[in-house]
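Engineer: test case, fold it:
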Amino acid sequence: EGVPDSKDAESAAQESMVLTKMRLFQVVGRKLPTDADPNPKAYRMKIFAASKTQAKSRFWYFMQMQKGLKLKKSTGETLTVNEITEKDCNTVKNYGIWIRYNSRSGTHNMYREYRDTMLTRAVDKMYRDMAGRHRTRFRGIHIIRTDIIPDEDCRRPNVLQFTNPDVKFPLPHRTLKANEKGHRPTFLAKAPSTFYG
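Structural biologist: Numbering: from 1, shown residues only. Just a heads-up that it's a prediction; the model follows:
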């Protein structure tokens, strides 16, 4: 035992961040008031992050990337950090997510669709999907826009297959059991036939 290595701590932190589910925050910040500008303009941004601390960090990361603002954490202040929750979490919806991500060859724009009951779960799926298909890290993905897509406007085959109102889910393999537990045999001389085509 002893003090953990910095690399081990960093990898553990990244792993916990990947396993932690995404949450949606609204962060408002501005420049620090001065005599020349006692009431500076406030900026609002919606951030997907695992915690409030990470949301504030991502907010200042994106703000210092804006050209012409000259706004960063050392010269600014965070006014509010509020978590945004969905009202309807029981209905399945089609979510469209517009992203920009950095790959090993360059920066690309992409549009992805997911079906889920909550936007944060759809974004969580997107991060895992991008990590599996494109080896993209969390830090390399920037979400530009999210929206709920009607069934007739969906484009991706993995979503279109569920938009048909007559979609059916057959159960080709079923195991028939006796209603009462006392009538179920402990051992059988042959394997059960579960196929009902």
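
Engineer: and residue 45, backbone torsions?
Structural biologist: phi -150, psi 140 (degrees, to the nearest 10).

Engineer: now do residue 26
Structural biologist: Main-chain dihedrals, residue 26, degrees, to the nearest 10: phi -110, psi 120.

Engineer: that one and residue 43 touch, don't they?
Structural biologist: No: using Cβ atoms under 8 Å as the test, residue 26 is too far from residue 43 to be in contact (11.4 Å). Just so you know, the C-beta spots here come from the backbone N, C-alpha and C atoms, and that holds for glycine as well.

Engineer: which of these two has more residues huddled nearby?
Structural biologist: Higher neighbour count among residue 26 and residue 43: residue 43, with 18 against 15, using other Cβ atoms under 10 Å.

Engineer: quick one: the more buried one and residue 63 touch, right?
Structural biologist: Yes: with contact defined as Cβ under 8 Å, residue 43 and residue 63 form a contacting pair (6.6 Å).

Engineer: spit out the residues that contact those two alike.
Structural biologist: Contact criterion Cβ atoms under 8 Å, 6 or more residues apart in numbering; residues shared by residue 43 and residue 63: 29, 71.

Engineer: and the strand or helix carrying residue 113, what's buried?
Structural biologist: In the assignment (DSSP states H and E), residue 113 maps to strand 107-116. Of the residues in strand 107-116, 112, 113, 114, 115, 116 count as buried by neighbour count, 16 or more other Cβ atoms under 10 Å.

Engineer: which elements pack onto that strand?
Structural biologist: strand 93-102, helix 119-134, helix 157-163 (3 or more Cβ pairs under 8 Å, 6 or more residues apart in numbering; DSSP states H and E).

Engineer: which one of those lies nearest to residue 53?
Structural biologist: Residue 53 lies closest, by Cβ to Cβ, to one member of the helices and strands packed on strand 107-116: helix 119-134, at 17.1 Å.

Engineer: packing partners of that closest one?
Structural biologist: Judged by 3+ Cβ pairs under 8 Å, 6+ apart, helix 119-134 is in contact with helix 6-19, strand 23-31, strand 93-102, strand 107-116, strand 141-149.
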